[in-house]
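Student: no FASTA, just this:
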């Protein structure tokens, strides 16, 4: 876990719109010390191997899976500095559940984030996948 005196710093240039209502930060700078962990894509797959049938449930499960990986690393959500979200057949209706899920995990300190619309993912029932970069001390 990082020392209490060192933590990532969020940067929002005043000339750009504030992205925090949408659940992400423009840029995140890590302290000089520490290591980075790269978390592979986490989908909405449950421990049983099944996927929930709807997008919102898969997003919630993928976020829960991401939290499990963070715990295994000894890290907290505030240490995530970058997310990449992959969304099958993205449309504007999916932004609400995505934003809500990200805000529930990261609160007032959301990481930098990129959303990538894709036609499909590795497994046929997958509708969502999230990968992360985590700053470790």
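Tutor: Arrived safely, thanks for sending. Just so you know, these numbers come straight off a predicted model, no measurement behind them. Residues are numbered from 1 along each chain as shown.

Student: Run through the helices of the protein in chain order.
Tutor: Using DSSP state H, the helices found in the chain span residues 55-73, 95-106.

Student: and residue 14, which of the ones you listed is closest to it?
Tutor: Evaluated with Cβ to Cβ, the helices of the chain place helix 95-106 nearest to residue 14, the distance being 22.1 Å. For every residue, glycine as well, the C-beta is placed using N, CA and C.

Student: Just the buried residues of that closest one, please?
Tutor: Buried positions in helix 95-106, judged by neighbour count with 16 or more other Cβ atoms under 10 Å: 97, 98, 101, 102, 103, 105, 106.

Student: Could you find the closest non-adjacent residue to the fifth one?
Tutor: The reference is to residue 103. With sequence-adjacent residues excluded and distances taken as Cβ to Cβ, 6 or more residues apart in numbering, residue 103 is closest to residue 23, at 4.8 Å.

Student: For that neighbour, the count of nearby residues, please.
Tutor: By other Cβ atoms under 10 Å, 22 other residues sit near residue 23.

Student: give the contact list for residue 7.
Tutor: Listed by Cβ atoms under 8 Å, 6 or more residues apart in numbering, the contact set of residue 7 reads 31, 78.

Student: mind checking how far it is from residue 57?
Tutor: When distance is defined by Cβ to Cβ, to the nearest Å, residue 7 is 32 Å away from residue 57.

Student: do the same with residue 68
Tutor: Distance of residue 68 to residue 57, given as Cβ to Cβ: 17 Å.

Student: Pick out whichever of the two has more residues nearby.
Tutor: residue 57 (16 against 11).

Student: rewinding a little: reformat the helices of the chain as TSV; add mean pLDDT.
Tutor: Listed next are the helices of the chain as TSV, based on pLDDT from 0 to 100:
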stretch	mean pLDDT
helix 55-73	96
helix 95-106	94
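
Student: Nearest to residue 11 among those would be which one?
Tutor: helix 95-106 (15.7 Å).

Student: Who are the packing partners of the closest one?
Tutor: Helices and strands touching helix 95-106, by 3 or more Cβ pairs under 8 Å, 6 or more residues apart in numbering; DSSP states H and E, are helix 55-73, strand 80-88.
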